[in-house]
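*Asks:* Turn this into a structure:
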Amino acid sequence: MKQAARPPATPAPAFDGPFTAIDFETADYGADSACALALVHVVGVEIVGRDLFMIRPPRSRFAFTHIHGITWAHVRGEPSFAEHWETIVAKIAGATFLAAHNASFDRGVLAACCAAAGVAPPELDFRCTVQLARRAWRPRGLLRANLPAVCEHLGIALNHHDPASDAEACARIVIAARREGIPLVPPLKPSKTKKTI
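*Replies:* Residues are numbered from 1 along each chain as shown. Below is the predicted model of the structure:
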């Protein structure tokens, strides 16, 4: 008896394809407390779009204002993550992957916010630019892989913990790797990681 033909394997996404760099800022220690989200969209080695969403988190307490400068007063009148979601999904629709610096943090925030909103997170791989920077530029003198250190090494302007600036810096790290012909690191493995700022 002939075995049924297997359906053709879904081709792996082309990681030189369009991507979106993503950066969340959170209000408190809960991963569902996003108070800002920045997206920077890249095609090839060109930034083609930028979006910033100010988000009303589920609680009014803010533990990290001293880091990012955002307060409850800034976002109390803004839409919730659930109210922003349809627009966010539309903005990342053309991406082949999401990039973030310390991507386990941003992936965790996205997952928690989606769970709280009752929506499914996008089926997109996360690529971590911390891991990329370590592999690409540590042999060439990069001592630390935090975002300010990588930006200084590559000559990228940064206003750290401003989400729009952080997301753009992350995008430019991937662009720098592409220009040098450096392949991206594998996507994050599905695992639980401790939330850090």
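
*Asks:* In contact with the residue most central in space within the chain, which residues are there?
*Replies:* Taking Cα atoms, centre = their mean as the criterion, residue 22 is the residue nearest the geometric centre of the chain, at 2.8 Å. Shown in contact with residue 22 (Cβ atoms under 8 Å, 6 or more residues apart in numbering): 37-39, 98-100, 106, 110, 167, 170. (Each C-beta comes from the backbone N, C-alpha and C, glycine too.)

*Asks:* One more pass at 6 Å, please.
*Replies:* Residue 22 is in contact with 39, 98, 100, 106, counting by Cβ atoms under 6 Å, 6 or more residues apart in numbering.

*Asks:* now swap in residue 129 and tell me
*Replies:* 99, 101, 170, 173.

*Asks:* Looking at those, spot the one nearest residue 161.
*Replies:* Distance to residue 161 across these (Cβ to Cβ) is lowest for residue 101, with 11.4 Å.

*Asks:* What's opposite residue 34 in the beta bridge?
*Replies:* residue 26 (DSSP bridges).

*Asks:* tally of neighbours for it?
*Replies:* 28 (other Cβ atoms under 10 Å).

*Asks:* likewise residue 186?
*Replies:* By the criterion of other Cβ under 10 Å, residue 186 has 11 neighbours.

*Asks:* circling back to that earlier point, could you tell me which of the contacts of residue 129 belong to strands?
*Replies:* Among the contacts of residue 129, DSSP state E puts residue 99 in strands.
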